[in-house]
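**Q** Attaching a predicted model along with its sequence, questions to come.
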Amino acid sequence: MLGKISEKEARLQVSKSFPWCPFCCFENIKIDVQPERDHDFILCENCGAKWEMAIQEKVKSIKLTATSIDWKGKELLEKNLTSKFWRDKAWLCILTRKVPENHS
Ligand SMILES: [Zn+2]
């Protein structure tokens, strides 16, 4: 399709913005990119969060369309946000993750 980068390139770009889920830090994010579609999708199989993205020569915007099962991100629903926004949020997830205490 004219104007749209390849599926491989799109996946590469998305995986940089979504190294893991920005809500639950789960690493196996499902990236659903099809060359013939206008919009592609990202799904976290752990918490159920779902995004829709507009891809042309690059990933233009990423919009949250479903929150996690515990409603994380409800204030961000249906907003077109940059990939940088989501990347920063993913890093914040790791930095603020509650690690079970294990002092033995
Ligand atoms: Zn998640």
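**A** Received the coordinates, thanks.
**Q** Setting aside sequence neighbours, what's the nearest residue to the most centrally placed residue in the chain?
**A** By Cα atoms, centre = their mean, the chain has its centre lying nearest to residue 18, at 4.8 Å. Closest residue to residue 18 apart from its sequence neighbours, by Cβ to Cβ, 6 or more residues apart in numbering: residue 29 at 5.2 Å. Glycine gets a C-beta too; all of them are placed from N, C-alpha and C.
**Q** can you check residue 46 too?
**A** residue 26 (3.6 Å).
**Q** now the one you found: how far from the ion?
**A** 5 Å (Cβ to the ion, to the nearest Å).
**Q** Likewise for residue 52?
**A** From residue 52 to the ion the distance is 16 Å (Cβ to the ion).
**Q** Read off the pLDDT value for that residue.
**A** The model reports residue 52 with a pLDDT of 96.
**Q** what does residue 101 give?
**A** Residue 101 is given a pLDDT of 68.
**Q** Kindly report the same for residue 80.
**A** pLDDT, residue 80: 95.
**Q** show me the contacts for it.
**A** By Cβ atoms under 8 Å, 6 or more residues apart in numbering, residue 80 lies in contact with 54, 61, 62, 63.
**Q** Check whether residue 34 sits in a helix, strand or coil.
**A** coil (DSSP: H, G, I helix; E, B strand; the rest coil).
**Q** Retrieve the pLDDT associated with it.
**A** 88.
**Q** Phi and psi next, for it.
**A** Note on residue 34: backbone dihedrals following degrees, to the nearest 10 are phi -130, psi 130.
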